[in-house]
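Student: Can you look at this prediction? I've put the sequence above it.
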Amino acid sequence: MRKYRGTPPGLWELYYGENEVGITVQRIAAGIDCGVPVVEKHIPIRPDDTLSALKTRLRAEGEGMLYDALKKVANPDFTPTEMHEFGKVYTLPNLRQWCTPNAGIAYRRLKVAWASRP
């Protein structure tokens with residue numbers, strides 16, 4: 001939410017060569033990803049991550065975060081931190097934008113394979 005909002009999860013972080021993806025459980029508000037964050041987490045992007053593998057890890061992490069968010073919201077002493085600035089809203093990529101991170105993934109996989117050879 002602070003840097004990337006919208007869809008698809010993980011793609012734009014891969015596209016821009018980030019080292020991690022932030023995921024958030026938020027209170028719903030008007031606008032795309034404009035809610036108050038209840039639980040936030042940063043997931044490292046591994047050198048061999050594909051978009052599919054990253055999305056699977058994000059989904060798995062998100063399940064536990066939802067439970068944590070429900071516990072927080074149920075606590076009368078919980079006060080969420082308001083956000084005053086939000087990142088850019090991203091939408092579905094065009095063909096060039098889709099191919100760019102996939103080329104980077106292929107490069108990183110080759111680099112890892114090359115480094116691990118005997």
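Tutor: Yep, that arrived. Residues are numbered from 1 along each chain as shown.
Student: any chance you could map the strands in the chain?
Tutor: 4-6, 20-26, 37-44, 88-90 (DSSP state E).
Student: in the last one, what's buried?
Tutor: Going back to what we said before, that points to strand 88-90. residue 90 (16 or more other CB atoms under 10 Å). The way it works is simple: take the backbone N, C-alpha and C, and place the C-beta from them, glycine included.
Student: Give me the distance from it to the chain's centre.
Tutor: The chain centroid and the centroid of strand 88-90 are separated by 13 Å, computed with CA atoms, centre = their mean, to the nearest Å.
Student: report the longest helix in this structure, please.
Tutor: helix 51-74 (DSSP state H).
Student: hang on, the earlier thing: quick one: which of the strands of the chain is nearest residue 50?
Tutor: strand 20-26 (13.2 Å; CB to CB).
Student: helices or strands next to the closest one in the packing?
Tutor: Secondary-structure packing of strand 20-26 (3 or more CB pairs under 8 Å, 6 or more residues apart in numbering; DSSP states H and E): strand 37-44, helix 51-74.
Student: Within the sheet, what are the partner strands of that strand, with directions?
Tutor: strand 37-44 (antiparallel) (DSSP bridges).
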